[in-house]
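**Q** Based on what follows, work out the 3D shape:
(chains A and B)
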Amino acid sequence: MNQRKILVTAALPYANGPIHLGHLVEYIQTDIWVRFQKLRGHHCLFMWADDTHGTAIMIRARKEGRSEEEVIAEANAEHQRDFAGFQIQYDNYGSTHSDENKKLCGEVWQSIRDAGLVKEKDVDQLFDTEQGTFLADRFVRGTCPECNAEDQPGDNCSKCGTTYSPAELTNPVSTLSGSTPEIRTAKHLFIELEQLHGFLEDWTQTGDHLQPEVANYLRGHFLGDPQSAEGAKPLRDWDISRPAPYFGFEIPDCPDNYWYVWFDAPVGYIASTQQWCERNGDTLDNWWKNDAAEIHHFIGKDITYFHTLFWPGMLKSAGYSLPTKVHIHGFLTVNGEKMSKSVGTAFKANTYLDHLPPAALRYYYASKLGSRLDDIDLNFDEFISKVNSDLVGKVVNLASRSAKFVKDTGLSNSYPDDGGLFESAASAGNEIANAYENCDYNKAMRLILELADKANPFVENAEPWNLRKDPAKSQELQDVCTIALNLFRQLVIYLSPVLPDLAEKTGELLNDPLLHWDQSQTPLTGSSVAKFKHMMKRIEEKDVRAMEEASKIEAEQEAAQVDNHSEQFADSEQPMIDEPMTDECTIEDFMKVDLRVARIVNAEHVEGARKLLKLTLSLGGDHRKQVFAGIKAAYEPDQLVGRLVVMVANLKPRQMKFGLSEGMVCASGPGGEEVFLLTPDEGSKPGQRVH
RNA sequence: GGGGCUGUAGCUCAGUUGGUUAGAGCAGGGGACUCAUAAUCCCUUUGUCGCGGGUUCGAGUCCUGCCAGCCCUACCA
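**A** Model (predicted):
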């Protein structure tokens, strides 16, 4: 087999937080692929690093009163600890905050400059004068300029869906300091990606660098289709600089400006390789400027854009090799729901490892992962039954039911007739290898388990437990166990990219380390057999529950910490207890309710009514609604006339004792004297819909 | 609003270029075995292949229209 040179990366973990099971989908996927390639005898490197730059880390360091370097050093140690715990094996773990990266960024930058892709533009951005920093969109909240919804994110309104720039918000507030930011204009540098349009069109649409749905997505969303009636669409300029202060690398030819984190992060792949090369006497060009070397990136679908447009563009401009393939995966859901930090389903790697073995998750993910972008679900019932029945019940069982019979004799000196079992399983190796190669791990697992399902009946029929009772059949007993253990060993070789631990233990059991895929093609004979020890423990439900519980407690503790930061708003929990949250509703459900701003044009007592006031509401023009509202104990009619309220305007009219009520007025509070009418902010007009 | 993906047994999913009676694992039911981590083995129940049209000698598979779910979204296609 000719040896391939394969360089692999996974997305760089951000140094601002712990690793959770969602991240691990990708890292385990990558590790399996790398281990597979190495097992096949290829020269494969996994080059990885922490992503360390950006505003988030700068802010966090400030908050904690220490340097950014301290924050990222701590994260680096934690990350590497977690990866070791999950048996994720990389050849170098660097940091984007390294000298190598800084130098490489400079070189890439210069090439892009030389290619004439950089231009300057002024950008209006909000500036927090208290913190002395420009604010990224996510650090600004304010009132939506379109629908006046308050406390909306900096980039789009969660109520009406309008998108805007933070500078357009009506009452912008910095979430860092709580102060009102001001608009400042600053010079930014942009890369004119459109100049590379033809290249990107070609690279994304041909050559099998991307999964087909990704290529479609890029064409549909960004590139356009030159063949279609609309034609190609221009690519937007990419804002690549951030003014000081910013935690990152200062741009050499543009003092006081820094590369945006997404510029230096992927260069970190190259920088990490450089560190490895220096340590191993290799050269960078051998990997990054060599047509004979493949480059594979594993990423999540959320960062598709950066890795399939910007990154190839950068590489192309700087004269590096382009990715052979970008492998993109979906997200993790837990028991069918989105992971949630507050609910505690964003299980931390560390929390998992406190209660459960890494092999179980590695196998479970492998059995779920396909080559496409579908989300995968972590369902704990399935998790338990899959690991127990597939791995312990079927695979490991082969060894545990036969090894001890040959502890003293070892394996037979020649491989006995097994009716073609070993041979057919050996020839299945190609299909299994293809599945691994294509990231169809679920298919690989299925194929492997099929083999296990053939091996167990063999043992069943051969009845070694009966053979051992008859001394005359000792050779037959040894032969049967030799077959069972060889079939087991073969399965373990196939599984070893997923379960390195099991491979190692199997090597020890049979006194023959499992290091190469080809070992699956030839039976092992004459080897001694060690005393059998449990190779894998069954998963117990109580361990899963314990992990869930621990994670929940962590989530609560973190929430409590956040609360401490906002003591000034220490509101009681009582209202939520009195009226717990109702079931989730969809936007469609909500849109059924037509809420309108209305002006109370008349209010009067109703004779004979204990709680009711009769209100006449105007929706502007001639639109009048009569509403009976149970607010008599809380409001005097006089206070009400003229004011604006929010009403349910499309409520089915209801005949009441005192007349027809054509809607409801929105108010909070338990009732009685404690009723608080909702008031729209100044500027809203009767008849406007509330979204 | 637009785009993409998905919809096959209770659950998780296979179903190659359209071709006999639609499959596997798990779960369920019955039995066997006792070497093995209550593991294993044999037998077995279950399907309007989301719905409706169409193309075809023949459609789970191709076309089309709906419906549902998930994801994306740079008011952009």
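
**Q** Now do the spatially closest residue to A:Thr175 that is not a sequence neighbour against RNA strand B, distance only.
**A** Spatially, and ignoring its direct neighbours in sequence, A:Thr175 is nearest to A:Phe139 (5.1 Å; Cβ to Cβ, 6 or more residues apart in numbering). Just so you know, the C-beta spots here come from the backbone N, C-alpha and C atoms, and that holds for glycine as well. In this view, A:Phe139 and RNA strand B are 17 Å apart by Cβ to the nearest atom of the strand, to the nearest Å.

**Q** For A:Phe139, which residues are in contact?
**A** Listed by Cβ atoms under 8 Å, 6 or more residues apart in numbering, the contact partners of A:Phe139 are A:55, A:59, A:128, A:154, A:174-176.

**Q** Show the buried residues in those.
**A** A:55, A:59, A:128, A:154, A:174, A:176 (16 or more other Cβ atoms under 10 Å).

**Q** Out of these, which sit inside strands?
**A** Residues of these located in strands (DSSP state E): A:128, A:174.

**Q** With respect to pLDDT, which of the buried ones among the contacts of A:Phe139 ranks lowest?
**A** Taking those together, the minimum pLDDT is found at A:Gly154 (69).

**Q** picking up where we left off before, of all pairs in the buried ones among the contacts of A:Phe139, which one spans the longest distance?
**A** Taking Cβ to Cβ, the two most distant members of the buried ones among the contacts of A:Phe139 are A:Ile59 and A:Gly154; they sit 14.5 Å apart.

**Q** Give me the residues contacting the helix or strand where A:Ala366 lies.
**A** Applying DSSP states H and E as the criterion places A:Ala366 in helix A:358-368. Applying Cβ under 8 Å, 6+ apart, the set of residues contacting helix A:358-368 from outside is A:21, A:24-25, A:28-29, A:32, A:85-87, A:352, A:376-378, A:382-383, A:386-387, A:390-391, A:441-442, A:444-446, A:495, A:498-499, A:501-502, A:536, A:539.

**Q** Check those one by one and keep those near RNA strand B.
**A** Among the contacts of helix A:358-368, proximity to RNA strand B is found for A:376-377, A:382, A:390, A:442, A:446, A:536 (Cβ under 7 Å from any atom of the strand).

**Q** Separate out the buried members of the residues you listed.
**A** Looking at these with 16+ other Cβ under 10 Å, the buried ones turn out to be A:376, A:390, A:442, A:536.

**Q** Identify all contacting residues around the helix or strand hosting the third one.
**A** To tie it back to what came earlier, the one meant is A:Asn442. Using DSSP H and E, A:Asn442 maps to helix A:441-462. Residues outside helix A:441-462 that contact it (Cβ under 8 Å, 6+ apart): A:29, A:32, A:363, A:365-370, A:390, A:394-395, A:397-398, A:401-402, A:418-419, A:421, A:425, A:428, A:431-432, A:435-436, A:480, A:483-484, A:487-488, A:490-491, A:494-495, A:498.

**Q** Run the angle between the helix or strand containing A:Ile432 and helix A:358-368 for me.
**A** According to DSSP H and E, A:Ile432 maps onto helix A:429-437. Between helix A:429-437 and helix A:358-368, the angle formed by their directions is 100 degrees, by axes from the mean of the first three to the mean of the last three Cα atoms, to 10 degrees.

**Q** buried sites along the helix holding A:Asn442?
**A** In terms of neighbour count (16+ other Cβ under 10 Å), helix A:441-462 has its buried residues at A:441-445, A:447-449, A:451-452, A:455-456, A:458-459, A:462.

**Q** what does stretch A:457-477 give?
**A** A:458-459, A:462, A:464, A:467-468, A:477.

**Q** again, but for stretch A:65-79
**A** Quick answer for stretch A:65-79 (16+ other Cβ under 10 Å): A:68, A:71-73, A:75-76, A:78-79.

**Q** now stretch A:36-48
**A** For stretch A:36-48, by 16+ other Cβ under 10 Å, it's A:36-40, A:42, A:44-48.

**Q** If we check RNA strand B, which of the residues you listed are in contact?
**A** When contact is defined as Cβ under 7 Å from any atom of the strand, the buried residues of stretch A:36-48 do not meet RNA strand B at all.

**Q** Farthest pair within those?
**A** A:Arg40 and A:Trp48 (20.6 Å).

**Q** quick one, strands of the stretch 451-600 of chain A?
**A** When assigned using DSSP state E, counting those that start in this stretch, the strands of the stretch 451-600 of chain A occupy the ranges A:595-605.

**Q** do the stretch 301-450 of chain A as well
**A** So, for the stretch 301-450 of chain A - with DSSP E, counting those that start in this stretch - the strands run A:325-329, A:332-334, A:337-338, A:376-378.

**Q** coming back round to it: farthest pair in the contacts of A:Phe139?
**A** Pairwise distances across those peak at 14.5 Å for A:Ile59 and A:Gly154 (criterion: Cβ to Cβ).

**Q** For A:Glu504, grab the count of nearby residues.
**A** Per other Cβ atoms under 10 Å, the neighbour tally for A:Glu504 reads 15.

**Q** list the contacts for it?
**A** A:513-514.

**Q** cool, A:Tyr258 as well?
**A** So A:Tyr258 contacts A:53, A:241-244, A:246-251 (Cβ under 8 Å, 6+ apart).

**Q** 6 Å instead?
**A** A:242, A:246, A:248, A:250 (Cβ atoms under 6 Å, 6 or more residues apart in numbering).

**Q** related to what we said a few turns ago, just the ones of the contacts of helix A:358-368 in helices?
**A** Among the contacts of helix A:358-368, DSSP state H puts A:21, A:24-25, A:28-29, A:32, A:85, A:352, A:382-383, A:386, A:441-442, A:444-446, A:495, A:501-502 in helices.

**Q** Now that A:His307 has come up, it's in contact with A:Val326, right?
**A** Yes: counting by Cβ atoms under 6 Å, A:His307 touches A:Val326, with 5.3 Å between them.

**Q** Touching both of the two, which residues are there?
**A** A:His297.

**Q** With only the CA atoms kept, save the helix holding A:Ala366 in PDB.
**A** What follows is helix A:358-368, C-alpha atoms only, in PDB (Å, rounded to 0.1, in the frame of the first residue of the first chain):
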ATOM      1  CA  PRO A 358     -14.800   7.300  27.700                       C
ATOM      2  CA  ALA A 359     -15.000   4.200  25.600                       C
ATOM      3  CA  ALA A 360     -18.800   4.100  25.900                       C
ATOM      4  CA  LEU A 361     -19.200   7.600  24.500                       C
ATOM      5  CA  ARG A 362     -16.700   6.900  21.800                       C
ATOM      6  CA  TYR A 363     -18.500   3.900  20.700                       C
ATOM      7  CA  TYR A 364     -21.900   5.500  21.000                       C
ATOM      8  CA  TYR A 365     -20.900   8.500  18.900                       C
ATOM      9  CA  ALA A 366     -19.300   6.200  16.300                       C
ATOM     10  CA  SER A 367     -22.500   4.200  16.000                       C
ATOM     11  CA  LYS A 368     -24.400   7.400  15.400                       C
END
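
**Q** quick one, that helix and strand A:325-329 angle?
**A** Using the same axes, to 10 degrees, helix A:358-368 lies at 100 degrees relative to strand A:325-329.

**Q** and helix A:358-368, is it in reach of RNA strand B?
**A** Yes: remark: helix A:358-368 sits within contact range of RNA strand B at A:Lys368, by Cβ under 7 Å from any atom of the strand.

**Q** gap between that helix and the chain center?
**A** Averaging C-alpha positions (Cα atoms, centre = their mean, to the nearest Å) puts helix A:358-368 17 Å from its chain's average.
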